[in-house]
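J.: Sequence unavailable; structure follows:
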């Protein structure tokens, strides 16, 4: 009996660590917004992405994009144009977040409606 309790604690710890990893990766003010924009817009140039992610500065956008790229969620493509153009898009791994982003959108709509109706 004691062994089963220990196994369940180990499973729980593993599951909580997975959730913690995901939340750390997606935490902050901008990452989910960037991923959502790329989900709905597809490949986007840096300046267009900055316009769509309202309120983010160029330095912060650059930092967040680098972090998402390091974590294999987005791909950066340098186009051979004059001047050089850079596009960002979700990787196949990043696209696995599309369903989650969609569910957050649905929940957000429902929550907003509930809050508005309460007033």
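T.: The structure has been received and is ready for your questions. A quick note: this is a predicted structure, and the numbers were derived from the prediction, not measured.
J.: where are the low-confidence patches of the chain?
T.: Within the chain, the ranges that satisfy pLDDT under 70 run 1-11, 119.
J.: let's see 50
T.: Across the chain, the ranges flagged by pLDDT under 50 are 1, 5-6.
J.: Taking the centroid of it, which residue is nearest it?
T.: Centroid-nearest residue in the chain, with Cα atoms, centre = their mean: residue 32, separated by 3.6 Å.
J.: thinking that one is in contact with residue 101, fair?
T.: Yes - counting by Cβ atoms under 8 Å, residue 32 touches residue 101, with 7.1 Å between them. Quick note: C-beta positions are derived from backbone N, CA and C, even for glycine.
J.: quick one, what contacts residue 113?
T.: By Cβ atoms under 8 Å, 6 or more residues apart in numbering, the contact set of residue 113 is empty.
J.: helix or strand for it, which one?
T.: For residue 113, the element it lies in under DSSP states H and E is helix 98-118.
J.: List the buried residues in that helix.
T.: By neighbour count on 16 or more other Cβ atoms under 10 Å, the buried set for helix 98-118 is residue 101.
J.: Figure out how far that helix is from the centre of its chain.
T.: Centre-to-centre, helix 98-118 and its host chain are 17 Å apart (Cα atoms, centre = their mean, to the nearest Å).
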